[in-house]
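[1] Model the structure of this input:
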Amino acid sequence: MTQVNKDSKIIIVGAGVFGLSTALWLAKSGYKSVTVFDQQPYFTNSYRDGADGASADINKIIRFSYGKEIEYQSLALEASHIWDEWNQELANLKQSGEDAGLPPGLSSGDKLWFNSRMLRMSASESYGEFEKETLKTMEKEARLREKQFECRNEADIQRAQESGWGHKVDPFHRKELGRAHSAVLDSTAGFVAAGRSCLWALHLCRKSGVNRTDGSVYGIETEDSRSHSADLIIVACGGWTPTLVPEISRSLETTAGSIVTVQIPQDNQELWDRYAPENMPVFTWGMREGRGMYGFPRMEDGIVKFGYRATKWTNYDDINGKPLSVPKTAHTSKRETNIPLTALHAVKDFISEYLPELTPLGINSTRLCWYTDSIDNSFMIDHVPSRPGLMVCSGGSGHGFKFLPILGREVVKIVEGGKKNVYGEMWRWRDPKEGGKNNGLEEGVSGPRVLAKQKMASEKDWSFGGSSRL
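    As a prediction, this is how the structure comes out:
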């Protein structure tokens, strides 16, 4: 492990959540020479503008539901306080009438995080073990359990109504329709505007003295053939990490979730109001029951996003003679703008059953969102064994974005070495169990999740029709 000091030159490869949070906290901790490299101009931090990373998505969930994993619950709770502070900082800029050098795409007064609440729905008539464990674990955090409202508990429903969000306990009118509805409303949760939040983090990094360079990075040589030396290199490239650091490929796998959006026209006042964050919560359905569905209120432009993660797709390619799963986005050389037909059908079935008023609008867009899953869904942040001066900071496993304001604080502790605390131990370098289950990584190129084996949907499949199959 390379020893660093405040004058050490540190390069971070990747300007997503993990890279930006690390850069920000290194600067906060007094490190004077921190440079972030990314393959794309980061001021186009939206997938619509050509950004590939998961961090450039429309929105991400802020949740505190982690089953028995109280460490993640506690860290998410800490992060939520900083999300509040960031919202207030932008509001203060609005009041002062200045943008203070904000990057394009971000304006004073913009909100980053929306406390829309979150409805955790079971696909069956009873709570699964994960939900039961979540409620137990939340009892250990001050006042967190009392902000959970069980839809089958009349006292909880009454409390929610008195608090002003009773309408979010059953926004799909399941009980009114005589259908099963087993769910818990978390009044502390919600969502963040993802790309906008990264722009804010980048702004804070620049204010703190972090340097920023665009250009595809191969090791420490950019595509302009310039070499960049450093005392420490931190690879935080999300889905591209296993390709750049082959040693980690046994423990991290690049996978895609499926994204579907519906566009609500602003002149449809009824739907516009119904799907506003004030009226519609973030929702998940059957996440631990093989259904893997989630969705959001509409954004300011009327986009309603749905996600499907029941199957985490892989895309294998030959990388230096080794088969590795790599991102296949709308902006890579091997373009992919569609999602598997299985995923599209799952989302359409959910909408038809739970939100039938959206079916006349049809599907607006689909895309794949590429993550990096670890063998146990916990992050991988550590020095690379036998390669002094190199670290990985990855393995977000689809739940890393909420930690943008706080993750780097823990990364700095790992950078500096010494005795590892609870997060250092959780995120340490670890290899898969031989012959065991490793979150699907053991499937490899012959597994059933490979994109090349799927029938892909196209625009002709976007219209609704037929009966629901839920």
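
[2] What average pLDDT does stretch 323-333 get?
    Here stretch 323-333 scores 86 as its mean pLDDT.

[3] now do the same end-to-end measure for that stretch.
    Stretch 323-333 has its terminal residues 18 Å apart, counting by C-alpha to C-alpha, to the nearest Å.

[4] In it, which residues are buried?
    324-329 (16 or more other C-beta atoms under 10 Å). No exception for glycine: its C-beta is placed from N, CA and C like everyone else's.

[5] same thing with stretch 33-42?
    33-40, 42.

[6] Arg387: which of those residues is nearest?
    Of all the buried residues of stretch 33-42, Arg387 sits closest to Phe37, with 18.2 Å by C-beta to C-beta.

[7] how much space between that closest one and Phe306?
    33 Å (C-beta to C-beta, to the nearest Å).

[8] do the same with Ser33
    For Ser33 relative to Phe306 (C-beta to C-beta), the value is 43 Å.

[9] go on, Gly67?
    With distances taken as C-beta to C-beta, Gly67 is found 24 Å from Phe306.

[10] do the same with Gln454
    Relative to Phe306, and taking C-beta to C-beta, Gln454 is found at 18 Å.

[11] the more surrounded of those two?
    A direct count of neighbours by other C-beta atoms under 10 Å for Gln454 and Phe306 places Phe306 higher, at 24 against 17.

[12] for the protein, what helix or strand is lowest in average pLDDT?
    strand 217-218 (a mean of 39; mean pLDDT, DSSP states H and E).

[13] What residue spans form the domains of the protein?
    Domains of the chain are assigned by automatic domain parsing as 1-63+191-251+376-431, 252-374+443-461.

[14] Out of those domains, flag the one nearest Ser74.
    domain 1-63+191-251+376-431 (9.4 Å).

[15] distance between the ends of stretch 117-128?
    20 Å.

[16] about what we covered before: tell me which of the domains of the chain is the most buried.
    Comparing the domains of the chain by mean neighbour count (mean count of other C-beta atoms under 10 Å), domain 1-63+191-251+376-431 comes out on top with a mean of 20.

[17] Report all helices and strands that the lengthiest helix in the chain contacts.
    Counting residues, the longest helix found in the chain (DSSP state H) is helix 70-96. Packed against helix 70-96, as judged by 3 or more C-beta pairs under 8 Å, 6 or more residues apart in numbering; DSSP states H and E, are the following elements: strand 59-62, strand 113-114, helix 129-138, helix 194-207, helix 407-415, helix 422-426.

[18] For these, give me CSV that also has distance to Pro246 and mean pLDDT.
    Formatted as CSV, the helices and strands packed on helix 70-96 follow (distance: least, C-beta to C-beta, whole Å; pLDDT from 0 to 100):
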stretch, distance to Pro246, mean pLDDT
strand 59-62, 29, 97
strand 113-114, 36, 98
helix 129-138, 33, 95
helix 194-207, 27, 93
helix 407-415, 21, 97
helix 422-426, 23, 96
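
[19] related to what we said a few turns ago, between all of the buried residues of stretch 33-42, which two are at the greatest distance?
    Across the buried residues of stretch 33-42 (C-beta to C-beta), the longest gap, 23.0 Å, separates Ser33 and Gln40.

[20] Return the residues in contact with the spatially closest residue to Cys237 that is not a sequence neighbour.
    Nearest non-adjacent residue to Cys237, counting by C-beta to C-beta, 6 or more residues apart in numbering: Gly14, 4.1 Å away. Residues in contact with Gly14 (C-beta atoms under 8 Å, 6 or more residues apart in numbering) are 36-38, 53, 235-238, 240-241, 393.

[21] Could you find the lowest-pLDDT member of those?
    Within the contacts of Gly14, Gly53 has the lowest pLDDT, namely 80.

[22] For it, which non-adjacent residue is closest in space?
    In space, Gly53 is closest to Gly16, 4.7 Å off (C-beta to C-beta, 6+ apart).

[23] was I right about that neighbour contacting Asp52?
    No. Here Gly16 does not reach Asp52: they are 9.8 Å apart, not a contact under C-beta atoms under 8 Å.

[24] In which helix or strand does Pro265 reside?
    For Pro265, there is no host helix or strand (DSSP states H and E).

[25] and the gap between it and Trp285?
    On the measure of C-beta to C-beta, Pro265 and Trp285 end up 26 Å apart.

[26] next one: Lys328
    Applying C-beta to C-beta to Lys328 and Trp285 gives a distance of 27 Å.

[27] How about Leu75?
    Counting by C-beta to C-beta, the gap from Leu75 to Trp285 is 25 Å.

[28] From the buried residues of stretch 323-333, pick the one nearest Ser446.
    Closest to Ser446, out of all of the buried residues of stretch 323-333 and judged by C-beta to C-beta, is Ser325, at 12.5 Å.

[29] Name whatever forms a beta bridge with the closest one.
    Tyr316 (DSSP bridges).

[30] and the nearest residue in space to Leu26 that is not next to it in sequence, what are its bridge partners?
    By the measure of C-beta to C-beta, 6+ apart, the closest residue to Leu26 outside its immediate chain neighbours is Val34, 4.9 Å from it. Val34 has these beta-bridge partners by DSSP bridges: Ile10.

[31] which ones are touching the residue most central in space within the chain?
    Note on the chain: the residue nearest the mean C-alpha position is Phe401, at 4.3 Å, using C-alpha atoms, centre = their mean. By C-beta under 8 Å, 6+ apart, the contact list for Phe401 reads 17, 54-55, 60-61, 192, 194, 197.

[32] can you give me phi and psi for it?
    phi -60, psi -40 (degrees, to the nearest 10).

[33] any idea how far it is from Arg63?
    For Phe401, the distance to Arg63 - C-beta to C-beta - is 11 Å.

[34] same deal with Leu271?
    Distance from Leu271 to Arg63, by C-beta to C-beta: 25 Å.

[35] re the thing from before, least reliable of the domains of the chain by average pLDDT, please.
    Looking at the domains of the chain, the bottom one is domain 1-63+191-251+376-431 with a mean of 87.

[36] Run the chain-centre distance for it.
    Remark: domain 1-63+191-251+376-431 is offset 14 Å from the chain centroid, using C-alpha atoms, centre = their mean, to the nearest Å.
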